[in-house]
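>>> sequence and predicted structure below; questions after.
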Amino acid sequence: MTPHPRNFQEKPLISSSDQHFPSLYSSSLSWLCPILLLTHLHVFRIHGYERSLAMSVAPVKSMASLSSDIFYDIFRRLDGPTLASAACTCAAFCSISKEERLWENVCSSMWPSTNREDVKNLITSIGGFRKFYADCFPFIVNKEVTEYQWNDYLDYPEEWNEAEYYGDIDELESISPSDFISIVDMRYKDKTICSKVLWGIPNANGYNGWFYNCPFRVDLLIHPAREDDSEEIVLSVSDGLPPIASMEKERKDGKLWRELCDGLRLSWIVVNRKIKQAANVASWCPLGGQRHWPTDKDFVIRFGSVLPAKDILPCQVVECNLIMKFRVVHTEGEGAETTLKLTELSMQLEDMEGAHVNGRNSLLILKEALSCRRSKNYSEVLESCHLYSKVQSELKEVKMRNESRLDRLCILSGITAFITFCYYIL
């Protein structure tokens, strides 16, 4: 028989040994109050009634009387930025926040790929989870995009000899493709739909191999790291996709395309285990894309960042393009729920002209990117990418104008030669 609410005996929420909890309410650490409330305030439902428990507490005289275990239990519920802010509050919190287990929880929550044992061992070997989070949470920002003049950029192959353009051989010998590890996590509406880890760069064996002289490209779906990575990755209505009746209707309203751009998030962390550095080369949110390319059922979404290439390429900066391609497999009009299949998840580097960077220079650029400037301000990331696109567009316009002038000059020269020839013949 269920006891009547009137006869229900409430157990004290805080014991005598825990009377110091609410002293935080009057301290400078007021940001912890909501957490303490959520952690220790219980609400009971009895016969449809909600009753919140009141508590009577006494303040404490010093922080020394507070148990570090209590703060550890609170800290393990925080996200990365809040935990980092707590570490800056006082020496006691700084000491507690150095616990690796706290940062391991933060990393596993943000990047599910770090839950794998081999990845945990990798992170431990390059400095631990705290350092890994500090390196990979901020985004790469490069504001050193120069306004290039086309006339200067046109002549760079003559100004740079072969050794300079294709990279320093001595420096390259210290960089091995097997030292680079890609840790990739993809989310859709805060739900993880893909977590992959690629050890090394596929098909990059041998210094004189084709990899060093051919365009650099890594596709995670073509080179699965494990047997279980070969499974198809699909998105459906159950994952939050909006149902579409047909592709004809999608072409008109573009609802599915907008949902993809708003909901998809990508993290692509590059780790070099030799120099023990890591960086996130993704932009987290999409930077752009194309609908229905090259067929009506394909969606191409682009992520990326601007990487420094100083003393590596004449253009000094390159764009790291992370391509995500989906194909519509089913629509509601076909008798099945709307389903998308991931057909490509790749990385490639492009210079200012849009030409793909070769494997030799790509290794040098990726190594340089691991120690470049970063920022937690996402607006700076977008500003950097938009500045690069602006300079790239201006460069293309200058190139087109110069080519147009050259075409007109060739036409005039041909007409003049033809008239001269006719004059002497006649």
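Looks like it came in fine.
>>> low-confidence stretches in the stretch 51-200 of the chain?
51-66, 145-173 (pLDDT under 70).
>>> now the strands for it?
Taking DSSP state E, counting those that start in this stretch, the strands of the stretch 51-200 of the chain run over residues 139-140, 180-188, 191-199.
>>> distance from the chain centre to the first one, please.
Average the C-alpha atoms of strand 139-140, do the same for its chain, and the two points are 8 Å apart (CA atoms, centre = their mean, to the nearest Å).
>>> which strands and helices sit next to that strand?
In terms of contacts (3 or more CB pairs under 8 Å, 6 or more residues apart in numbering; DSSP states H and E), strand 139-140 is packed against strand 277-280, strand 298-308, strand 374-375, helix 378-425. In short, each C-beta sits where N, CA and C put it, glycine included.
>>> if we can go back for a sec, redo the strands of the stretch 51-200 of the chain as TSV? Include mean neighbour count.
Formatted as TSV, these follow (neighbours: other CB atoms under 10 Å):
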stretch	mean neighbour count
strand 139-140	22
strand 180-188	21
strand 191-199	18
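>>> determine the longest strand present in this protein.
The longest strand of the chain (DSSP state E) is strand 317-330.
>>> phi, psi for Leu313 please.
When quoted as degrees, to the nearest 10, the phi and psi of Leu313 stand at phi -130, psi 150.
>>> that one against Leu364, yeah?
No: using CB atoms under 8 Å as the test, Leu313 is too far from Leu364 to be in contact (9.0 Å).
>>> okay, these two: which has more neighbours?
Using other CB atoms under 10 Å, the more surrounded residue of Leu313 and Leu364 is Leu313, with 22 against 19.
>>> that older thread, of all the helices and strands packed on strand 139-140, which lies closest to Ala84?
The closest of the helices and strands packed on strand 139-140 to Ala84 is strand 374-375. By CB to CB, the value is 14.0 Å.
>>> okay but Glu380 is in contact with Val141, surely?
Yes: counting by CB under 8 Å, Glu380 touches Val141, with 4.9 Å between them.
>>> more crowded one of those two?
A direct count of neighbours by other CB under 10 Å for Glu380 and Val141 places Val141 higher, at 21 against 17.
>>> Thr338 against Ile244, yeah?
Yes: under the criterion of CB under 8 Å, Thr338 makes contact with Ile244 at 5.3 Å.
>>> find the residues that touch each one of these two.
Shared contacts of Thr338 and Ile244 (CB atoms under 8 Å, 6 or more residues apart in numbering): 256, 331-332.
>>> export those residues to CSV and tack on pLDDT, distance to Asp351 and neighbour count?
Converted to CSV, the shared contacts of Thr338 and Ile244 look like this (pLDDT from 0 to 100; distance: CB to CB, whole Å; neighbours: other CB atoms under 10 Å):
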residue, pLDDT, distance to Asp351, neighbour count
Leu256, 87, 33, 23
Thr331, 78, 39, 21
Glu332, 72, 43, 14
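>>> nearest to Met400, of these?
Closest approach between those and Met400, by CB to CB: Leu256, at 34.3 Å.
>>> in the host helix or strand of the closest one, what counts as buried?
Taking DSSP states H and E as the definition, one finds Leu256 inside helix 255-263. Of all the residues in helix 255-263, those buried under the rule 16 or more other CB atoms under 10 Å are 256-257, 259-261, 263.
>>> swap in stretch 109-124?
The neighbour-count check on stretch 109-124 (16+ other CB under 10 Å) flags 110-114, 119, 122-123 as buried.
>>> could you do stretch 354-371 as well?
Across stretch 354-371, burial judged by 16+ other CB under 10 Å covers 356-367, 369-370.
>>> in helices, which of the residues you listed appear?
When DSSP state H is applied, those are split such that 359-367, 369 fall in helices.
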